[in-house]
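K.L.:
Pasting the sequence and the predicted model now:
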Amino acid sequence: MQDGTIAVGVDGSLESLAAADWAAQEALLRGTPLRLVQAWEWKVRAGALAPSNDTQRDWATRLLHEAEERLKSLDPDLAITTELASGTPVAALLAASADAALLVLGSRGLGGVVGFLLGSTGLETLAEAKRPVVLVRPGEQGQSDPERSPTSGWEVVLGLDLDRPCDDVIAFAFEAADRRQAPLRVVYAWEVPPVHRYTAGRPGRVTGPRQEDEESQALTEALRPWRSKFPDIEVEEAAVSGRPGHLLVEAGTRAGLVVIGRRAQRPGHGTHLGPVAHAVIHHARCPVAVVPHK
């Protein structure tokens, strides 16, 4: 059963330390516990000498203790639990996220998502997780700025697909903005085909000179009930033509969090995330929340 815990994968890397910092501040914002997760099964290169199980376990235990002590020194009121999982990082992270509200992972950005000490397993975890996943890179905007913490002071950006709107994705973005008392910028982008024609998607959708007005109106209608539910949030709507991934990355240059959706993959369909998600998680300059939906 899902609880309010924020789970974060730690492996001693700079990426995981940045993720732990962000997760700790998110836990404080939500008033929920933080769970530090470490998997201690190592992969060993061919011909290399494998460390003993005791050595691996001792190293992982020490790493968890050091991470816990570091976060406690930053805020002694933070409730922290630790979990030492035997097995692969992907299995450990998915298990930890199954009953958590949110999973946080360290990210290298360009080149892939870091996955503990075992390489780029984060992408597999991201594609299979049933809960929202936030990707955090070290040195992202706001993290070292004393005037603006990683969880406040920057706007939240929501990338919305009006052909497949999802309440879970929209709710995550509005709630994140509400927690931070931050403005919310909602970006809906579409690529204009080379000729004006009727297109698949919403009934009656036409490309042409009037499309921008029609799409703007559709975006306003989609957000109307959410504006009523969160009346104190300043919401900016942007319905623009162009490549969605590029426009969301650009919007993220002045954001503290970008929120995007991910269609849940059916078993056996691999780790494909789609071009928009791929562009945002690898190029955005701020933490990225990926919210799965059907």
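P.N.:
Happy to help now that I have it.

K.L.:
Show me what the lengthiest strand in the chain is packed against.
P.N.:
Assignment by DSSP state E gives strand 255-263 as the longest strand of the chain. Secondary-structure packing of strand 255-263 (3 or more Cβ pairs under 8 Å, 6 or more residues apart in numbering; DSSP states H and E): strand 155-159, helix 167-180, helix 244-251, helix 275-283, strand 288-293. For glycine as for every other residue, the C-beta is placed from the backbone atoms N, C-alpha and C.

K.L.:
Quick one: mean pLDDT over the second one.
P.N.:
I take that to be helix 167-180. The pLDDT scores in helix 167-180 average 96.

K.L.:
same question, stretch 154-162
P.N.:
On average, stretch 154-162 scores 93.

K.L.:
And for stretch 62-72?
P.N.:
Stretch 62-72 carries an average pLDDT of 92.

K.L.:
Can you tell me what sits against that stretch?
P.N.:
10-12, 17, 20-21, 24, 34, 36, 38, 78, 80, 82, 84 (Cβ atoms under 8 Å, 6 or more residues apart in numbering).

K.L.:
Which one (most neighbours) among the residues you listed?
P.N.:
Val10 (28 neighbours; other Cβ atoms under 10 Å).

K.L.:
Enumerate every residue touching that residue.
P.N.:
Taking Cβ under 8 Å, 6+ apart, one finds 16-17, 19-20, 36-38, 63-64, 67 in contact with Val10.

K.L.:
Tell me which of these fall in strands.
P.N.:
Going by DSSP E, the strands hold 36-38 from these.

K.L.:
from the residues you listed, which is closest to His246?
P.N.:
Closest to His246 out of those is Val37 (33.7 Å), distances taken as Cβ to Cβ.

K.L.:
Do I have it right that that closest one meets Glu83?
P.N.:
Yes - look at Val37 against Glu83 with Cβ atoms under 8 Å: they come within range, at 4.8 Å.

K.L.:
ok, the two, which is more surrounded?
P.N.:
Val37 (25 against 15).

K.L.:
For the more buried one, give the beta-bridge partners.
P.N.:
Gly9, Glu83 (DSSP bridges).

K.L.:
Please tell me how far it sits from Trp22.
P.N.:
Distance of Val37 to Trp22, given as Cβ to Cβ, to the nearest Å: 15 Å.

K.L.:
can you pull the pLDDT of Gln38?
P.N.:
90.

K.L.:
low pLDDT regions in this structure?
P.N.:
1-3, 40-54, 108-121, 140-153, 192-210, 265-272 (pLDDT under 70).

K.L.:
how about the strands in it?
P.N.:
Secondary structure of the chain (DSSP E): strands at 6-9, 34-39, 80-85, 102-106, 133-136, 155-159, 184-190, 235-241, 255-263, 288-293.

K.L.:
Please consider this matter closed, and thank you.
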